[in-house]
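J.: mind looking at a prediction? Sequence and model below.
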Amino acid sequence: MQCPGCKTIYVPRANYCSTCGRSFTGDGEDVQEAMGKDVLDNPELVRKLLNELIEEKKRKGEL
Ligand SMILES: [Zn+2]
């Protein structure tokens, strides 16, 4: 597939253009989708984010 913005050629499963940032799938949600993919690829990242969330809640006295 080809980016409509900068004409860079990408593999079909790309969600957005890493050259100009244009979305291939629509507006808004694809960034979250891409982030979700990153998370699936990095279980360690998920754990780290969860720990940060828990620590923050502890600091606020919510836990
Ligand atoms: Zn582009």
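T.: Looks like it came in fine.

J.: around the ion, pick out the residues from this structure.
T.: 3, 5-6, 8, 17, 19-20, 22 (Cβ under 5 Å from the ion). Quick note: C-beta positions are derived from backbone N, CA and C, even for glycine.

J.: out of these, which are buried?
T.: With neighbours counted by 16 or more other Cβ atoms under 10 Å, these contain buried members at 3, 17.

J.: farthest-apart pair in the residues of the chain next to the ion, please.
T.: The most widely separated members of the residues of the chain next to the ion are 8 and 22, with 9.4 Å between them, by Cβ to Cβ.

J.: near residue 63, how many other residues are there?
T.: As a burial measure, the neighbour count of residue 63 was computed by other Cβ atoms under 10 Å and equals 10.

J.: whoops, residue 23 was the one
T.: What residue 23 shows, counting by other Cβ under 10 Å, is a neighbour count of 18.

J.: you'd agree residue 54 is in a strand?
T.: No - counting by DSSP: H, G, I helix; E, B strand; the rest coil, residue 54 is not part of a strand but helix.

J.: need the contact list for it.
T.: With contacts defined as Cβ atoms under 8 Å, 6 or more residues apart in numbering, residue 54 is in contact with residue 63.

J.: pLDDT score assigned to it?
T.: The predicted structure scores residue 54 at 92 on the pLDDT scale.
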